[in-house]
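Participant: Kindly generate the corresponding structure for this input.
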Amino acid sequence: MNTEQFRNFAVAYRTHNFSAAARAIPMSAQGFTKSIRTLENELGVPLFVRDEATGSHVPTAYADEFIAYVNAVESQYQSVKKAFRRIQAEENGSVLLGSSLGIIGFLGRSFFEGFESDNPGITLHYTEMNDIQCDEHLLEEDFGLAFSLAPYHGDFETVELYSTPVCLWVNEEDELGKKEVISLSDLDGRSLAMPGVGFKCYSNILDRCRVQGVTPKTVLQSSEMFWLYNFAYEGRGLAFSAEHLGQLPFFSERGVRCIPLEGVTWRFGISSLPKHRFTEPERLFRKYCIEYFSGLSKGGSGARQHF
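Facilitator: Below you'll find the predicted structure:
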């Protein structure tokens, strides 16, 4: 038995159709059928029976038992591949890093260049995705470290690095445009634009609204910050932002204000799984992150400007 046979069996088990399974892989229908028959001969039991009325291949009780074994082997195989990638990364002097969208841009190039300057020979490879995907990939050990957003997953060990107020972009002509702080009650009956269901800010803000009996008129979803800014600039409603975004020259056109949303923060940290064994490059990068933001909070001379 080999991994190719396991793969073919698993696809046939899901599709109940050898021809469809062969197309999905892809391979010839004859070659696929031969692979399944060879596997059955090696196991000494029938895994599928053909339903003459529908032409489908129905899994037997043996197949129901075997699929659990195949799934376990596949899981172990993927774990080994991930372990090999980590070993290769350490040998190559690399750090595989996941990140929620927005954090890499917030940190800026100088943050990463600072680490690589301090640690010649170590290269950072990062992948950005929405908050939920980032948590899921870290749980699957697709990378050893991740910049994750609060609220942090309960299975992670997280050192919080930074916190800043969540803000809303508001057109100055809006009735809220003169306020210094916007309360959740101000969102009642208003059109609101913000990143969607894959982002923690979406559930965080709407859950808080529900608790306080606040119902926005409409909630539009977009992860594109330029679109969100224009939504407010055009006077269509209120749009999600963060304090640091309001300080960028691009988003400082007259007519739009970046106003804090009372009691809501945008926080991120460096996360890992408790069982994860850090490679030396990972350990050094994690240490760099913690010391860098500790320096910022203390106003130390070692802190670099990061936006």
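Participant: can we go C-alpha only for contacts and neighbour counts from here?
Facilitator: Noted.
Participant: Can you show me the strands along the chain?
Facilitator: 48-50, 57-59, 94-100, 123-129, 145-149, 157-171, 191-194, 218-221, 238-242, 256-272 (DSSP state E).
Participant: who does the fourth one touch, helix- and strand-wise?
Facilitator: It stands for strand 123-129. Where contact means 3 or more C-alpha pairs under 8 Å, 6 or more residues apart in numbering; DSSP states H and E, strand 123-129 is packed against strand 94-100, helix 109-118.
Participant: same deal with the longest one?
Facilitator: Using 3+ C-alpha pairs under 8 Å, 6+ apart as the contact criterion, the neighbours of strand 256-272 among helices and strands are strand 145-149, strand 157-171, strand 238-242, helix 243-246.
Participant: Let's see it as PDB, backbone CA atoms only.
Facilitator: Written as PDB, here are the backbone C-alpha positions of strand 256-272 (Å, rounded to 0.1, in the frame of the first residue of the first chain):
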ATOM      1  CA  VAL A 256     -12.900  63.300   6.900                       C
ATOM      2  CA  ARG A 257     -12.000  62.800  10.600                       C
ATOM      3  CA  CYS A 258     -10.700  59.600  12.300                       C
ATOM      4  CA  ILE A 259     -12.600  59.500  15.600                       C
ATOM      5  CA  PRO A 260     -12.100  56.900  18.400                       C
ATOM      6  CA  LEU A 261     -15.000  54.500  19.100                       C
ATOM      7  CA  GLU A 262     -15.500  54.400  22.800                       C
ATOM      8  CA  GLY A 263     -14.300  51.200  24.600                       C
ATOM      9  CA  VAL A 264     -13.100  49.300  21.500                       C
ATOM     10  CA  THR A 265      -9.500  48.600  20.800                       C
ATOM     11  CA  TRP A 266      -7.400  47.000  18.000                       C
ATOM     12  CA  ARG A 267      -4.800  44.800  19.700                       C
ATOM     13  CA  PHE A 268      -2.300  42.300  18.400                       C
ATOM     14  CA  GLY A 269       0.300  40.000  19.700                       C
ATOM     15  CA  ILE A 270       2.900  37.300  18.700                       C
ATOM     16  CA  SER A 271       1.300  33.900  19.100                       C
ATOM     17  CA  SER A 272       2.400  30.300  19.100                       C
END
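Participant: Deepest-packed of the helices and strands packed on strand 123-129, please.
Facilitator: Among the helices and strands packed on strand 123-129, strand 94-100 has the highest mean neighbour count (mean count of other C-alpha atoms under 10 Å), at a mean of 23.
Participant: I'd like to know which elements it is packed against.
Facilitator: Taking 3+ C-alpha pairs under 8 Å, 6+ apart as the contact cut, strand 94-100 packs with strand 123-129, helix 131-139, strand 145-149, helix 280-298.
Participant: Quick one: closest of the ones you listed to residue 166.
Facilitator: strand 145-149 (12.6 Å; C-alpha to C-alpha).
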